[in-house]
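1. Could you work out the structure for the sequence below:
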Amino acid sequence: MHNVTEDDDDDSVTKPLGRCSVMYYGVGHMLNDITASCWFTYLLLFLTDIGLSPRDAATVMLSGQIADGFATISTGELIDRFGHFKLWHGAGSVLVAVSFSSVFGGCIPCKIFGTSSPALRTVGYSIFAAIFNVGWAATQVSHMSMLNCITLNSTSRVVLASCRNAFTMVANLGLYAVAFIIFGVTIARTHADIENQYRWIAYLSIFIGCCFVGIFQLGTKEPRLKVGVQGSNSTRIAWTYWFKRVLYYQVALVYVLTRLVVNVSQAYLAFYVIDDLQMAQSAKALVPAIIYISSFLVSVILQEIQWTGRFLKAYYSAGAIIWIFCGAGILLLPRSMSAFMYIISIFIGIANALMMVTGVSMQSVLIDTDLNGCAFVCGSFSFLDKISCGVALFVLQSYQSDSVIQNSHSNLVHISVTRFGLGLVPAFCALVSVAVTYTMKLQPARCKPLMEPLLI
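-> Numbers count the residues shown, from 1 in each chain. The predicted structure follows:
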């Protein structure tokens with residue numbers, strides 16, 4: 001069995017990373033991020049716009065989330081057994097690129113069978129949603145677990161997570177820039193026009209994401225730490241090892257709650273600004289863009305902090321508290337004061353960045369040097385995330401009305417399902433996550449400063 005020597009530990013295992021290594025890794029999730037942003041922001045809106053009921057639209061999303069959830073578990077187990085992070089990443093990226101355009105395209109089974117019944121349309125979109133999410137899961141688990149095998153230096157791990165989150169913001173901004181242009185220059189009068197709009201958004205998103213996947217594959221090497229400590233199959237860590245650790249359940253709950261905050265709010269943001277606040281059509285691209293600009297700036301700043309367990313808990317709690325206040329504002333904001341949504345968006349972006357960067361970094365504290373189980377940890381967390389988000393959105397959409405309620409009194413607040421989904425649900429999840437974070441005992445980890453600052 002090959003063992004990592006003390007000199008290797010000093011020179012390689014805990015060696016802080018340079019800027020290029022961080023950047024090459026950070027861009028590796030761009031295709032997933034830009035397609036996921038389109039998935040959560042526009043899928044429900046797209047499906048209801050082309051005539052599906054809210055429940056059928058939620059069924060399509062739930063089918064994708066369930067496929068994603070089970071794919072993360074199986075992918076994590078296979079990566080822990082056989083390794084090859086980049087191979088899984090590349091294969092998943094190909095599947096995402098091939099299938100995503102069909103999610104926002106026409107109903108292919110409807111064309112094959114020559115009918116467009118609601119049931120067949122729901123099944124048709126659900127099939128491609130499931131295929132897309134299987135590829136998405138393979139890319140996500142391989143990329144997230146790869147982070148822990150690149151280095152054991154805790155500061156560099158947080159920097160990698162922060163850079164990954166920063167490029168997530170870049171991907172989202174790219175999507176909303178594309179959407180802003182397409183929604184601005186094209187007019188959708190029929191279902192075919194709507195499908196054409198979203199198809200172009202999907203094509204351009206895939207093209208942008210694939211460019212960054214190429215950069216990641218060329219610039220990032222297969223992690224040596226995984227090879228160095230893996231040895232024989234007997235060194236694999238059993239699932240029961242994690243189930244016996246209290247910290248596993250705490251970090252899992254915090255991660256799932258964080259993803260619920262981000263994903264559920266993202267899914268209802270476009271509905272909220274258009275249906276509840278009656279803002280201009282461009283607002284469904286402009287408001288999310290403001291969120292991600294502020295998130296990007298905060299993510300970059302977070303890369304410069306010397307991280308400890310205490311700081312992770314403090315910054316996460318700060319982000320969650322900000323979200324609680326934002327949720328209250330969203331829940332009570334009257335239509336006549338819709339311009340305040342732009343201000344709230346800034347704080348949502350700050351809160352999202354604080355919670356996502358620190359929430360993901362808590363996984364690295366949990367894993368520490370137990371690298372032969374890192375893919376299972378990431379996969380199991382992602383499984384819980386996907387299933388919980390899918391169920392939450394399905395339940396909310398089940399109570400959503402098929403028609404938009406028009407209120408002639410603009411200063412009167414109508415508490416719709418959309419307001420609950422965007423305001424109350426994320427705020428409640430943030431509140432619970434703060435309580436769980438407070439109970440955590442994060443052990444101090446290896447900390448060395450970054451080789452060179454990312455901010456020049």
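2. which residues of the chain score low on pLDDT?
-> 1-16, 224-236, 304, 306-307, 369-371, 401-414, 443-456 (pLDDT under 70).
3. Might one say that residue 415 is in contact with residue 330?
-> No - when contacts are counted by Cβ atoms under 8 Å, residue 415 is not listed as touching residue 330 (10.9 Å). All C-beta spots, glycine's among them, are computed from the backbone N, C-alpha and C.
4. which one of these two has more residues nearby?
-> residue 330 (27 against 12; other Cβ atoms under 10 Å).
5. Now name the helix or strand holding that one.
-> Secondary structure assignment for residue 330, by DSSP states H and E: helix 309-332.
6. Ok, residue 392 next?
-> helix 374-398.
7. Convert stretch 153-162 to PDB, retaining C-alpha atoms only.
-> Extracted as PDB, the C-alpha positions of stretch 153-162 are listed here (Å, rounded to 0.1, in the frame of the first residue of the first chain):
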ATOM      1  CA  ASN A 153      -5.200  22.900   3.500                       C
ATOM      2  CA  SER A 154      -8.400  24.200   5.000                       C
ATOM      3  CA  THR A 155      -7.900  27.800   3.800                       C
ATOM      4  CA  SER A 156      -7.300  26.600   0.200                       C
ATOM      5  CA  ARG A 157     -10.400  24.400   0.400                       C
ATOM      6  CA  VAL A 158     -12.600  27.400   1.400                       C
ATOM      7  CA  VAL A 159     -10.900  29.400  -1.400                       C
ATOM      8  CA  LEU A 160     -11.800  26.700  -3.900                       C
ATOM      9  CA  ALA A 161     -15.400  26.700  -2.700                       C
ATOM     10  CA  SER A 162     -15.500  30.400  -2.800                       C
END
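8. just how off-centre is that stretch within its chain?
-> Taking Cα atoms, centre = their mean, to the nearest Å, the mean C-alpha location of stretch 153-162 is offset from the chain mean by 18 Å.
9. again with stretch 185-195
-> Taking mean C-alpha positions (Cα atoms, centre = their mean), stretch 185-195 and its chain are 28 Å apart.
10. contact partners of that stretch?
-> Stretch 185-195 has contacts (Cβ atoms under 8 Å, 6 or more residues apart in numbering) with 46, 49, 50, 51, 104, 105, 106, 196, 197.
11. Repeat the analysis, applying 7 Å as the threshold.
-> 49, 50, 51, 105, 106, 197 (Cβ atoms under 7 Å, 6 or more residues apart in numbering).
12. Looking at these, which are in helices?
-> Among those, the members falling in helices (DSSP state H) are 49, 197.
13. Would you mark the buried spots in whichever helix or strand comes after the helix holding residue 330?
-> Heading C-terminal from helix 309-332, the first helix or strand you meet, by DSSP H and E, is helix 340-367. Buried residues in helix 340-367, defined by neighbour count with 16 or more other Cβ atoms under 10 Å: 341, 344-367.
14. Give me the angle between helix 340-367 and helix 374-398.
-> 150 degrees (axes from the mean of the first three to the mean of the last three Cα atoms, to 10 degrees).
15. what's helix 340-367 packed up against?
-> When contacts are defined as 3 or more Cβ pairs under 7 Å, 6 or more residues apart in numbering; DSSP states H and E, helix 340-367 packs onto helix 118-150, helix 154-185, helix 246-271, helix 283-302, helix 309-332, helix 374-398.
16. Turn these into a markdown table, columns for distance to residue 74.
-> What follows is the helices and strands packed on helix 340-367, written out as a markdown table (distance: least, Cβ to Cβ, whole Å):
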| stretch | distance to residue 74 |
| --- | --- |
| helix 118-150 | 9 |
| helix 154-185 | 23 |
| helix 246-271 | 18 |
| helix 283-302 | 30 |
| helix 309-332 | 30 |
| helix 374-398 | 8 |
